[in-house]
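Asker: Task: produce atomic coordinates for the following.
(chains A and B)
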Protein chains: 2
Amino acid sequence: MTHPLDAAIALTPLGEGRFAGATTPDYWNMAGPFGGATAAVMLKAVLDHPQCRGRPAALTVNYCGAVAEGGFEIAARLVRDGRSTQHWSVEQSQEGGGITTTATVVTGATRDTWAHAMAAPPAVAHWDKTPTSDSFAPVAWRKNYEMRFLAGEPRPLGPGGALMSPVTQMWVRDTPLRPLDYPALAAVSDAFLPRIFMVRGDFSPVATATLSTYFLADEAALARQADRPLLAVCDAAAFKHGFNDQSAQLWSDHGELLAVSHQLVWFKG
Amino acid sequence: MTHPLDAAIALTPLGEGRFAGATTPDYWNMAGPFGGATAAVMLKAVLDHPQCRGRPAALTVNYCGAVAEGGFEIAARLVRDGRSTQHWSVEQSQEGGGITTTATVVTGATRDTWAHAMAAPPAVAHWDKTPTSDSFAPVAWRKNYEMRFLAGEPRPLGPGGALMSPVTQMWVRDTPLRPLDYPALAAVSDAFLPRIFMVRGDFSPVATATLSTYFLADEAALARQADRPLLAVCDAAAFKHGFNDQSAQLWSDHGELLAVSHQLVWFKG
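Answerer: Take a look at the predicted model:
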């Protein structure tokens, strides 16, 4: 049986770097597909391209306009084929809807180099000691993630109406279980409720404008992680003039930093 | 007299979103122009485009290949013109060199909304109490920034060869003095020595693969800041498999967060 994520990011090659895909109900969000599924399928177009070499190092996705339910086309173009990196430009479009999403991808040759970890994961309870959350979210994609919250579980505004912390810490993995790969890592980098919900406790309209994920893990690190939960940490620095930043770190359950991710979120008011 | 930064980002319109520019010796780096100057000129092409509305909200720059000394062309394309945001795709190319740089820009309508600051600037001495650094860097662009270090001034490896902190805190501004605007803010978001130099104390070859800057300040905040120094804070989480992340926050000297910036850096070994 095809995993729901694999169904959501399945692409049919049309030749010359063009691919056909389609949204799936499993990853529907409020008014379009889950941004993480879109990020994953933009990356997938590069990975499926016959000229792709190396492993993903960076992915930036710009959410330009609403993606309607149904089919879409993705065009991936190799902009620069260097010895140590490739640079790709990717566009998703829909008939009658123009360009809905743009992305850029950097791939890097897999190399063993000097390594040094400066950041450390927060000291938290292990995932098998942390209960799975059954908290409700009014979006279909939520059911495809098993979430175990350590801090910042979505909740209504506290007594007295005081603003709350923007921080979420959770163990998270795909459900049904699925071995971790780069598209799944790209998707989970967007699997946080918008920070304005966390801070204000209300559901103001929001939309990610742009998201960048840097993959620090090589293929071997993803294979080691397999289908066990990631420790995902999310924070934000400021809400101002209709936008807020959001930052995330995705850690293996053995304390290895697999990816960092940043986004700029538009909010209504 | 034209300010060196304005000379470096000057563009001549060629019609249909195309612009001609040229590198300048003032912003030369080791083997090409300073990445911050390239970021600024990519943004400038959007700002100079007759269809540009709103103020810059996000800029992602992908450094695809070496920019040679001399002329270049930038093409800016309005991908999506929404009510609250515009999405732009930008490419820089050189004759015989192909595409050297790609960028995406999100602009946002200037809006007063609910605002909330969660991050706070580090408690540091004010810039007028902090001496200007005369530390040497072997790159021309360094002389166009006045830097006053609070932590993490570039220095050789300490006794015993122990690795050092990746954190830099500095007051920084253009010199000659120049009122702050979005291109200058884009440029300064890259005005940190590579973190591998800070941690290891040696000059391994490095190159920024991709950089994203989110502008949280509106035009009024930039006008208030004028030509006084920004408090710039830079950190990194991990070096691994030939890449490292880098994160920066740019604060006004009154403690307002003007921009956050992230990059993925390739390093040799």
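
Asker: hang on, A:Asn244 in a strand?
Answerer: Yes - per DSSP: H, G, I helix; E, B strand; the rest coil, A:Asn244 lies within a strand segment.

Asker: Tell me how many other residues crowd A:Met198.
Answerer: A:Met198 has 22 neighbours, counted by other Cβ atoms under 10 Å in any protein chain shown. Every residue, glycine included, has its C-beta placed from N, CA and C.

Asker: next one: A:Asn62
Answerer: Counted with other Cβ under 10 Å, A:Asn62 comes out at 29.

Asker: same question, A:Pro131
Answerer: 8.

Asker: Surely it forms part of a strand?
Answerer: No - counting by three-state DSSP, A:Pro131 is not part of a strand but coil.

Asker: what residues are up against the closest residue to A:Thr113 other than its chain neighbours?
Answerer: Residue nearest to A:Thr113 in three dimensions, not counting chain neighbours: B:Gly242, with 4.6 Å by Cβ to Cβ, 6 or more residues apart in numbering or on different chains. By Cβ atoms under 8 Å, 6 or more residues apart in numbering or on different chains, the contact set of B:Gly242 is A:Ser84, A:Gly108, A:Ala109, A:Arg111, A:Thr113, B:Trp266, B:Phe267, B:Lys268, B:Gly269.

Asker: Would you mind measuring from B:Gly242 to A:Leu216?
Answerer: Distance of B:Gly242 to A:Leu216, given as Cβ to Cβ, to the nearest Å: 10 Å.

Asker: The host helix or strand of A:Asp6 - contacts with which helices or strands?
Answerer: According to DSSP states H and E, A:Asp6 maps onto helix A:4-8. Here helix A:4-8 touches helix A:35-47, helix A:182-188, going by 3 or more Cβ pairs under 8 Å, 6 or more residues apart in numbering or on different chains; DSSP states H and E.

Asker: quick one: the shortest one near chain B?
Answerer: No - applying Cβ under 8 Å from any Cβ of the partner chain, one finds helix A:182-188 separated from chain B by no less than 13.2 Å.

Asker: State the next helix or strand along the chain beyond that helix.
Answerer: helix A:195-200.

Asker: hmm, back to that, who's in contact with the helix holding A:Asp6?
Answerer: Helix A:4-8 is contacted from outside by A:23-24, A:26-27, A:33, A:37, A:40-41, A:144, A:174, A:176, A:178, A:183-184, A:187, using Cβ under 8 Å, 6+ apart.

Asker: Check whether A:Arg55 really touches A:Arg111, as I assumed.
Answerer: No - A:Arg55 lies out of contact with A:Arg111 (Cβ atoms under 8 Å); the separation is 10.0 Å.

Asker: how about the helix-or-strand element of chain A with minimal mean pLDDT against chain B, any contact?
Answerer: When the helices and strands of chain A are compared on mean pLDDT, DSSP states H and E, helix A:195-200 comes out lowest with a mean of 93. Yes - Helix A:195-200 reaches chain B (Cβ under 8 Å from any Cβ) through A:Val199, A:Arg200.

Asker: Partner strands of the helix or strand following that helix and their direction?
Answerer: Under the assignment DSSP H and E, the closest C-terminal helix or strand after helix A:195-200 is strand A:206-215. Take DSSP bridges as the rule and strand A:206-215 pairs in its sheet with strand A:55-63 (antiparallel), strand A:257-267 (antiparallel).

Asker: Quick one: closest of those to B:Val206.
Answerer: strand A:55-63 (13.9 Å; Cβ to Cβ).

Asker: chain center to that closest one, what's the gap?
Answerer: Relative to its parent chain, strand A:55-63 has a centroid offset of 10 Å by Cα atoms, centre = their mean, to the nearest Å.

Asker: got it, and stretch A:60-68?
Answerer: Stretch A:60-68 sits 13 Å away from the centroid of its parent chain (Cα atoms, centre = their mean).

Asker: average pLDDT across it?
Answerer: The pLDDT scores in stretch A:60-68 average 97.

Asker: Residues contacting that stretch, please?
Answerer: So stretch A:60-68 is contacted by A:23, A:31-33, A:35, A:38-39, A:42, A:92, A:94, A:97-105, A:207-212, B:60, B:62, B:79-80, B:82, B:87, B:104, B:106, B:210, B:212 (Cβ under 8 Å, 6+ apart).

Asker: what about that stretch, start to end distance?
Answerer: 21 Å (Cα to Cα, to the nearest Å).

Asker: Any buried residues in it, and which?
Answerer: Of the residues in stretch A:60-68, A:Thr60, A:Val61, A:Asn62, A:Tyr63, A:Cys64, A:Gly65, A:Val67, A:Ala68 count as buried by neighbour count, 16 or more other Cβ atoms under 10 Å in any protein chain shown.
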